[in-house]
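1. coords below, sequence missing:
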């Protein structure tokens, strides 16, 4: 009986565990150099601009669109029960607790995460990181650190923007198109949303996603093979692994802490 | 030294004279660039020692290597300039990271090196705006900006026309003569090698042969003469 498939399965499992170990080492290295001088504030601000400011358009447009769809779907469902005045609560809770942080993280992974992985991967392929090493500059400190921490900082901010645009989108459809009372929409949001449980929990979830996306994108770029195919693979891997990780971690956070 | 199951070197032993220009010659895949990367600590050997000015880099951690690399400069084949930084900032980077000089002193050092490699008015240019020869010269300027003891140069003439090749060759020899830097140059260009090398390490299948250029060119070993003569004739 052929056992080649067992060997293949074992090799995949070993490869996964090995990669996880390298990822842990990479994260530990980053943590170790975080407060080593120089602090690289200028580079950090530049990355906040690239990852955050340049993502504003996609986040606002998608937030608006998602809010409008939620408003439409929510209205159609609530209308069956004569509860259309609760539209604000439905849209708000959906966005704040789940859709805001999760969809923002998925969009950020696709746009900013893949760009980060590609940029660092290209630096590997053109020996720029080796050049830094030969100048006694730690590439993790110089290249990885500003990008990772910028992602951690911008994710909650982008998530908040997504949510605000979504609430506005829901208002446009609900109050503007479907005839829901605007005041009822806003007051149902206010009465159903708890700041500590819902809003802070949402921001914390976004922060966790920022950490994951930042680490995954920089790790994939840093460990990419020094070829164009390697850079392409690391970019794809960032999006796939990042997206799956976000969804799985979202379930864990929601199940354990009800956030 | 091996990559996976593919051996690159086995039982290799060689030395490079201090303050001289040594050229590492060999065919494609002989391990010339790998040898430079071993000396710089960018890759680790599977066994043995690599002594760089008395320090065994094969036994060092990455943090320890950062200290040793202060004595080294490396000019990469493709330049390895940071493409998001201007020429000025690329050259200033190692000095800024060292943190020992003021910005005014850094500016003096940067402009001095830019002039030394025969360039002018390139401060604001990005690497993508430079010609191949200019990239090589900027890379050389960056490699020597910290006044290293040992300079590692990987294929400095690759992709260059004959005039640019001679220019880089003259520059390298000039840097060595003026500052006494120990220079290790990887090349497959035999004519340039014969002109500028004080010492040659020739990587042949299963062994390495070392010596002064004239001695190797008139060597009693036929494969050595064949490599130097045949490649020179083809060039």
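-> Here it is on my side, so go on. This is a predicted model, so every value here is computed, not measured. Numbers count the residues shown, from 1 in each chain, chains lettered A, B, ... in the order given.
2. CA only for contacts and neighbour counts going forward, please
-> OK.
3. contact residues of chain A facing chain B?
-> Chain A comes close to chain B at residues A:123, A:126-128, A:130-131, A:133-137, as judged by CA under 8 Å from any CA of the partner chain.
4. go again using 7 Å as the cut-off
-> A:126-128, A:131, A:134-136 (CA under 7 Å from any CA of the partner chain).
5. mind putting those into JSON lines with neighbour count, pLDDT and secondary structure?
-> Below are those laid out as JSON lines (neighbours: other CA atoms under 10 Å in any protein chain shown; pLDDT from 0 to 100; DSSP: H, G, I helix; E, B strand; the rest coil):
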{"residue": "A:126", "neighbour count": "21", "pLDDT": "95", "secondary structure": "coil"}
{"residue": "A:127", "neighbour count": "20", "pLDDT": "95", "secondary structure": "coil"}
{"residue": "A:128", "neighbour count": "22", "pLDDT": "97", "secondary structure": "helix"}
{"residue": "A:131", "neighbour count": "26", "pLDDT": "96", "secondary structure": "helix"}
{"residue": "A:134", "neighbour count": "26", "pLDDT": "95", "secondary structure": "helix"}
{"residue": "A:135", "neighbour count": "25", "pLDDT": "95", "secondary structure": "coil"}
{"residue": "A:136", "neighbour count": "24", "pLDDT": "94", "secondary structure": "coil"}
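6. nearest to residue A:96, of these?
-> residue A:128 (41.3 Å; CA to CA).
7. now the helix or strand harbouring residue B:194: buried residues?
-> Element membership for residue B:194 (DSSP states H and E) is helix B:190-196. Neighbour-count burial for helix B:190-196 flags B:190, B:192-194, B:196 (criterion: 16 or more other CA atoms under 10 Å in any protein chain shown).
8. likewise stretch A:233-244?
-> Residues of stretch A:233-244 classed as buried: A:233-240, A:242-243 (neighbour count, 16+ other CA under 10 Å).
9. now do that stretch: distance to the chain's middle.
-> Relative to its parent chain, stretch A:233-244 has a centroid offset of 12 Å by CA atoms, centre = their mean, to the nearest Å.
10. quick one: mean pLDDT for that stretch?
-> Stretch A:233-244 shows a mean pLDDT of 96.
11. can you give me the end-to-end span of stretch A:108-121?
-> This stretch, stretch A:108-121, spans 18 Å end to end (CA to CA, to the nearest Å).
12. what's in contact with it?
-> A:51, A:213, A:217-218, A:220-222, A:224, A:231, A:234-235, A:238-239, A:242-243 (CA atoms under 7 Å, 6 or more residues apart in numbering or on different chains).
13. repeat that for stretch B:77-88.
-> A:126-128, A:131, B:90, B:110, B:122-128, B:135-136, B:139, B:154-156.
14. gap between residue A:247 and residue A:148?
-> Using CA to CA, residue A:247 is found at 20 Å from residue A:148.
15. same deal with residue A:40?
-> Residue A:40 sits at a distance of 12 Å from residue A:148 (criterion: CA to CA).
16. the more surrounded of those two?
-> Taking neighbours as other CA atoms under 10 Å in any protein chain shown, residue A:40 and residue A:148 compare with residue A:148 leading, 26 against 16.
17. what's the helix or strand for that one?
-> For residue A:148, the element it lies in under DSSP H and E is helix A:145-171.
18. again with residue B:133
-> Using DSSP H and E, residue B:133 maps to helix B:132-144.
19. so for that helix, what gets flagged as buried?
-> Neighbour-count burial for helix B:132-144 [16+ other CA under 10 Å]: B:132-144.
20. stretch B:43-60 too?
-> Result for stretch B:43-60 [16+ other CA under 10 Å]: buried residues B:44-45, B:50, B:52, B:56-59.
21. give me the subset of the residues you listed lying in strands.
-> B:52, B:56 (DSSP state E).
22. return the member of the buried residues of stretch B:43-60 nearest to residue B:21.
-> residue B:52 (15.6 Å).
23. for the closest residue to chain B within the stretch 151-259 of chain A, helix, strand, or coil?
-> Proximity of the stretch 151-259 of chain A to chain B (CA to the nearest CA) peaks at residue A:226, 12.7 Å away. Three-state call for residue A:226 (DSSP: H, G, I helix; E, B strand; the rest coil): coil.
24. that one is in contact with residue A:125, isn't it?
-> Yes - using CA atoms under 7 Å, residue A:226 makes contact with residue A:125 at a distance of 3.8 Å.
25. between these two, which one's more packed in?
-> Per other CA under 10 Å, whichever of residue A:226 and residue A:125 has more neighbours is residue A:125, with 20 against 17.
26. and residue A:48, what does it touch?
-> Counting by CA under 7 Å, 6+ apart, residue A:48 has contacts A:150, A:154.
27. the helix or strand where it lies: which residues count as buried?
-> Using DSSP H and E, residue A:48 sits in helix A:41-51. Buried residues in helix A:41-51, defined by neighbour count with 16+ other CA under 10 Å: A:43-45, A:47-48, A:50-51.
28. one more: stretch A:108-115?
-> Buried-residue list, stretch A:108-115, by 16+ other CA under 10 Å: A:108-115.
29. out of the buried residues of helix A:41-51, who's nearest residue B:37?
-> For the buried residues of helix A:41-51, the residue nearest residue B:37 by CA to CA is residue A:43; the value is 28.7 Å.
30. burial of the residue lying closest to that closest one once chain neighbours are set aside, as a residue count?
-> Nearest residue to residue A:43 in three dimensions, chain neighbours excluded: residue A:146, at 6.0 Å (CA to CA, 6 or more residues apart in numbering or on different chains). When counting by other CA under 10 Å, one arrives at 23 neighbours for residue A:146.
31. tell me the contacts of residue A:146?
-> If a contact means CA under 7 Å, 6+ apart, then residue A:146 has A:40, A:43-44, A:47 as its contacts.
32. mind telling me what element residue B:169 is part of?
-> Counting by DSSP H and E, residue B:169 is found in helix B:162-179.
33. I'd like the average pLDDT over that helix.
-> For helix B:162-179, mean pLDDT rounds to 90.
34. can you give the contact residues for that helix?
-> With contact meaning CA under 7 Å, 6+ apart, helix B:162-179 is reached by B:117, B:133, B:157, B:196.
35. distance from the next helix or strand after it to the middle of the chain?
-> Counting by DSSP H and E, the next helix or strand C-terminal to helix B:162-179 is strand B:182-186. Taking CA atoms, centre = their mean, the mean C-alpha location of strand B:182-186 is offset from the chain mean by 5 Å.
36. fine by me, we can end here.
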